[in-house]
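Visitor: quick one, what's the 3D model for this:
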Amino acid sequence: MTQTRVLSGIQPTSDSFHLGNYLGALKQWVELQDGNDAFYCIVDLHALTGEIEPALLKQRTLAAAAQLIALGISPAKSTLFLQSHVPQHNQLGWIMECLAGFGEASRMTQFKDKSAKGGADSARVGLFTYPMLQAADILLYQAHFVPVGEDQRQHIELTRDLATRFNSRFGETFRLPEGYILKAGAKIYDLAEPTSKMSKSAGTTAGVLEIMDTPEINVKKIKGAATDADREIKFAEKEKPGISNLLTIHAALSGRSIGELEIAFAGKGYGDFKAEVAEVVLEYLRPIRAKALELLADEKYLIDLLHQGAEKARVVAAKTLENTYENLGLVKRDR
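Guide: Here you go, the predicted structure:
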């Protein structure tokens, strides 16, 4: 029986993933490895739409790979690879660009938002064509499902539109992927601004719990987390967003229910509560950080793992691209 194929990707745009990344998406990536044919891609080519510092890009790409493995993405269970190691991404990306209309590309939210911030003249053409490359990323692997957040639904719809358009004009070539909208996991908010989602795009990282930060830094962030003037430890998102966020973090990592935690901390102060949240976070992240650092210390081994993943990915991608070219009428090249 053919396994269901899932595919997802993540950009290497920072030195560390944060707790929100993990609980919101990456934890479910790990779970989806079991019983599925999982392809996970570090989309380093997509990262080129921003400002590039070559040494930093390489460092962050390897850090992303090390953290994914440390978090539980198994190169033995899934296909983990770098987008730039599979040239078929660019090749099919061009086909998708030639298939997409200027109007539908202009309506993509990401381009509109980012170009509005910096002005149209400063926006890269790559940012405009980004969704077509993203469609190619998905269609190359004939994915059944694409695990994404709700904010990526528009990209899945464009991918399906382009696949349908190609199939109707040139013959059945691509499977129509379904968006696997990640189930609502623990919503983690910024420790300093607990009404805002934990994100690297915030003005400061003071409220962001980063996986690769030292224990001392994360303890300081948790102990400095915004709370309120009250002393009661209870879950009430509107009235007590800071305490509610810390309760959510504790519950997500300890496996204890929020109700159980409210009872356990009845009559205790915020200091005691924050100290225990810090301990839970540190103990959870300690082996993950240690494993990631171990992988980064042996760069050759880590790159070899990525090369092995790329070899597996290229077998699937090459077959799809060959069928695409043939259906388009491109003359078959000499092998």
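
Visitor: going forward, measure contacts between C-alpha atoms and count neighbours the same way
Guide: Fine.

Visitor: OK, contacts around the residue lying closest to Ile211 once chain neighbours are set aside?
Guide: Taking CA to CA, 6 or more residues apart in numbering, and ignoring the residues beside it in sequence, Ile211 has His18 as its nearest neighbour in space, at 5.4 Å. By CA atoms under 8 Å, 6 or more residues apart in numbering, the contact set of His18 is 199, 208-211.

Visitor: doesn't Leu23 belong to a helix?
Guide: Yes: the secondary structure assignment for Leu23 places it in a helix, going by DSSP: H, G, I helix; E, B strand; the rest coil.

Visitor: quick one: Ala226 and Phe235, what's the gap?
Guide: From Ala226 across to Phe235, the span is 15 Å (CA to CA, to the nearest Å).

Visitor: got the buried residues for stretch 26-46?
Guide: Residues of stretch 26-46 classed as buried: 26-27, 29-30, 32-33, 37-46 (neighbour count, 16 or more other CA atoms under 10 Å).

Visitor: three-state assignment of Gln142?
Guide: With three-state DSSP as the basis, Gln142 sits in coil.

Visitor: which ones are touching it?
Guide: Counting by CA under 8 Å, 6+ apart, Gln142 touches 5, 174-177, 320.

Visitor: which of those residues lies closest to Leu92?
Guide: Thr320 (9.1 Å; CA to CA).

Visitor: for that closest one, what are phi and psi?
Guide: Note on Thr320: backbone dihedrals following degrees, to the nearest 10 are phi -60, psi -40.

Visitor: for the closest residue to it other than its chain neighbours, give me the pLDDT.
Guide: What sits nearest to Thr320 in space, not counting adjacent residues and going by CA to CA, 6+ apart, is Leu140, at 5.7 Å. Here, the pLDDT recorded for Leu140 equals 98.

Visitor: likewise for the one 5 residues further on?
Guide: At Phe145, the model reports a pLDDT of 94.

Visitor: that one contacts Glu178, doesn't it?
Guide: Yes: between Phe145 and Glu178 there is a contact at 4.8 Å, judged by CA atoms under 8 Å.

Visitor: the two: who's more crowded?
Guide: Ranked by neighbour count (other CA atoms under 10 Å), Phe145 and Glu178 place Phe145 first, with 20 against 17.

Visitor: bridge partners for that one, pull those for me.
Guide: The residues paired with Phe145 through beta bridges, assigned by DSSP bridges, are Val6, Glu178.

Visitor: would you agree Gly20 is in contact with Met198?
Guide: Yes: in this structure, Gly20 is within contact of Met198 by CA under 8 Å, at 5.9 Å.

Visitor: which neighbours do those two have in common?
Guide: Applying CA under 8 Å, 6+ apart, one finds that Gly20 and Met198 are jointly contacted by 188-189.

Visitor: of the buried residues of stretch 26-46, just say which sits nearest to His250.
Guide: Lys27 (15.6 Å).
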